[in-house]
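In: Here you go, sequence then predicted model.
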Amino acid sequence: MVIWGHGFIFLEEILNELRLINSFKIIKIIKKTNVNIKKLVNKIYSYDYAPKYHLKSKIHYLKFTPPQVFFIFIKNNDPQEDYHGEKKFRHIESRTMRNFKNRIRQKFNPRINEKMQSNDHIIHTTDSEAQTEHLLYLLGFKNGIQSLINNDKILPTPHYLNEPAKFSIQFVPLDNIYCNNVVLVNNSAYIKKMPIYDSVQYKFFNDKKIYEKYLSDYRGTFLTQDYNLSSYSKLIQNLNYLKGKFQKNFITVKTNLKNELFILDGLHRASILLKRGEKKIKVCIYET
Amino acid sequence: MKLKKINFEELFLKLQNKNYTIIKLDPKFPDYIEGQDLDILCYDINDISNVIVSFLSDYVDDNFKIFVLKYKNKTHVDLINNKKIHFRFDIIDKFPQYKKIEIKNSYFDVVIENSKFKHINNIKIKTPDYYDEFMLRYFEYIEYYSSVPDKIKHVDYINSHLRGDSQEKKFFFDRLYHFSSLPQKYHYKKQNINLKLLNLIEYFFDLIKKSFLVIKNDGLFVFFKKVFNFLKN
């Protein structure tokens, strides 16, 4: 899904709508700024079922939108793909995604007047997996959809982590685990190593706004996963680390040269466990 | 401190709906000594390893950890107790590339598909069919006998079960000839001085490697005992 520049103000609402649909799972969020909209639009629509001359008038407005775009990649567990349209416009399309797109457009597209909604769509969605694959290639994902699946692993971890040939499960002191957070110094953001208790995820317990601002500042750039306040609040209430259906979801860390452990996945869980007063936890250590 | 023992009953309950088979099962199973292993053939290494790792994670504490090592077509899942292997799960999804015997690729699937549930105490475990067990032991003997003479135990095992000119023996050989053959290309080269030297170096290197492993796993006493037996023979 693509959210065009004039739809940015509705980003939170669109993400919330997506999260409400059980069969949708947000896999990756990427924000691009200072983009050449004309070029981007041409590339995105070059893979559309409809001929470009037909789309030309429909997408003309995009050239006047702010030069920034959000790409949201979703795993659709109920695509209901079927043929849609007639004659040369007949194409494979996911019905669930089309319904979602139409609903969002109806709700958030700019209005011509109180009763009429314009056709300056704030979102574009791909019709099928093949189009998503093309979009991923455009963004530099050489392995296309495969790079978002990446499930050739023993233990479940996010798609961006490749499971190494060696790893271990160990019981380690929580205070030997460090994490990375994005910090802003002289107007430039960079990643800084810190103890868990200094992270935004831990500071959340005292001030939710810090966390909220962190997400809003870095969503799609440094933070490409679907982190959000409501999920974190639920996790704080319900976290049952390595119990029941989460038995295999280890916090994943790696060692550095000083033998310190760095969180690769699971900073939110580690922060909660630290807050709960845990001293030692079981983690999966990726050997380097 | 009471030594932890793996609860295999619980583990194999979790594996009961998976496609796997345990080969060369130790006759004393589920009893085991520290450092022992279990060979598992399966279609999906990640899936089987996932079940084993999550099961073993209950054993992880200050003294125990799990170590996973992934190779091509093989994964080791080790439960480690104070830096020593407590128990190893050796999981493979393809037969190793044997040099001294050729095995049809399809045989791997045949072994898994033909495997049968065996009941040991309260444990329901999938093991190869009667004849496949012999075949697998025979492959192991053929491939490794020259370097590990102890592998003769597999032939003894087969002979003890298939005596005389029984129908069973005929069936075993029919199956063996169907799924395997001896390599047709020359597996030796004409010896010259360079090759002899190379073989000698290889032989000594192999000996050093084996000695190191025996000392590491069983200690100096066992090592010297083995050296003594070797020299005696």
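Out: Okay, I see it.

In: From here on, just use CA atoms for contacts and neighbour counts.
Out: Fine.

In: what helix or strand does residue 97 sit in?
Out: No chain in the question, so chain A it is. For A:Met97, the host element (DSSP states H and E) is helix A:95-108.

In: Which other helices and strands does the helix or strand following that helix contact?
Out: Along the chain past helix A:95-108, the next helix or strand (assigned with DSSP H and E) turns out to be strand A:123-124. Other helices and strands packing on strand A:123-124, by 3 or more CA pairs under 8 Å, 6 or more residues apart in numbering or on different chains; DSSP states H and E, are strand A:2-3, helix A:95-108.

In: chain center to stretch A:234-253, what's the gap?
Out: 20 Å (CA atoms, centre = their mean, to the nearest Å).

In: And that stretch, what's buried?
Out: Residues of stretch A:234-253 classed as buried by neighbour count (16 or more other CA atoms under 10 Å in any protein chain shown): A:236, A:241-242, A:248-253.

In: Make a markdown table out of those residues and add secondary structure, pLDDT and distance to A:Asn143.
Out: Converted to a markdown table, these look like this (DSSP: H, G, I helix; E, B strand; the rest coil; pLDDT from 0 to 100; distance: CA to CA, whole Å):
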| residue | secondary structure | pLDDT | distance to A:Asn143 |
| --- | --- | --- | --- |
| A:Ile236 | helix | 96 | 35 |
| A:Tyr241 | coil | 96 | 33 |
| A:Leu242 | coil | 94 | 31 |
| A:Lys248 | coil | 91 | 27 |
| A:Asn249 | coil | 94 | 25 |
| A:Phe250 | coil | 96 | 26 |
| A:Ile251 | strand | 97 | 26 |
| A:Thr252 | strand | 97 | 24 |
| A:Val253 | strand | 97 | 25 |
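
In: residue contacts, the residue nearest to the spatial centre of chain B?
Out: Chain B has B:Asp39 as the residue nearest its centroid, 5.1 Å off, counting by CA atoms, centre = their mean. Applying CA atoms under 8 Å, 6 or more residues apart in numbering or on different chains to B:Asp39 gives the contacts B:22-25, B:89-92.

In: Of the residues you listed - the most surrounded one?
Out: Top of those by neighbour number is B:Ile91, holding 26 neighbours under the definition other CA atoms under 10 Å in any protein chain shown.

In: what kind of secondary structure is the nearest residue to that one once chain neighbours are set aside in?
Out: Excluding its sequence neighbours, the residue lying closest to B:Ile91 (CA to CA, 6 or more residues apart in numbering or on different chains) is B:Ile40, at 4.7 Å. Three-state call for B:Ile40 (DSSP: H, G, I helix; E, B strand; the rest coil): strand.

In: what do you get for A:Glu13?
Out: Three-state assignment for A:Glu13 (three-state DSSP): helix.

In: ok, the residue of chain A positioned farthest from its centre to A:Thr126 distance?
Out: Largest separation from the mean C-alpha position in chain A: A:Lys87, at 36.0 Å (CA atoms, centre = their mean). Counting by CA to CA, to the nearest Å, the gap between A:Lys87 and A:Thr126 amounts to 20 Å.

In: Kindly report the same for A:Lys254.
Out: Using CA to CA, we find A:Lys254 at a distance of 36 Å from A:Thr126.

In: One more: B:Lys104?
Out: 46 Å.

In: Going by neighbour count, which residues of the strand or helix carrying B:His154 are buried?
Out: Assessed by DSSP H and E, B:His154 sits inside helix B:152-161. The neighbour-count check on helix B:152-161 (16+ other CA under 10 Å) flags B:152, B:154-155, B:158 as buried.

In: cool, and stretch B:133-143?
Out: For stretch B:133-143, a neighbour-count test (16+ other CA under 10 Å) marks B:133-142 as buried.

In: now stretch A:281-288
Out: A:281-286.

In: Redo the helices and strands packed on strand A:123-124 as CSV? Include distance to chain B, mean neighbour count and mean pLDDT.
Out: Listed next are these as CSV, based on distance: least, CA to the nearest CA, whole Å; neighbours: other CA atoms under 10 Å in any protein chain shown; pLDDT from 0 to 100:
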stretch, distance to chain B, mean neighbour count, mean pLDDT
strand A:2-3, 35, 20, 94
helix A:95-108, 31, 17, 92
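
In: Please report the distance of A:Tyr45 from chain B.
Out: Distance from A:Tyr45 to chain B, counting by CA to the nearest CA, to the nearest Å: 39 Å.

In: related to what we said a few turns ago, which residues touch the residue nearest to B:Ile91?
Out: B:20-23, B:89-92.

In: Mind checking what helix or strand follows the longest helix seen in chain B in sequence?
Out: Secondary structure assigned by DSSP state H gives helix B:193-218 as the longest helix of chain B. Downstream of helix B:193-218, the first helix or strand assigned by DSSP H and E is helix B:220-232.

In: just the angle between that following helix and helix B:193-218, please?
Out: If you take axes from the mean of the first three to the mean of the last three CA atoms, to 10 degrees, helix B:220-232 sits at 140 degrees to helix B:193-218.

In: Which strands or helices does helix B:220-232 pack on?
Out: helix B:193-218.

In: Flag every buried residue along the helix it packs on.
Out: Buried residues in helix B:193-218 (16+ other CA under 10 Å): B:211, B:214.

In: Which other helices and strands does it contact?
Out: Helix B:193-218 packs on helix B:220-232, going by 3+ CA pairs under 8 Å, 6+ apart.
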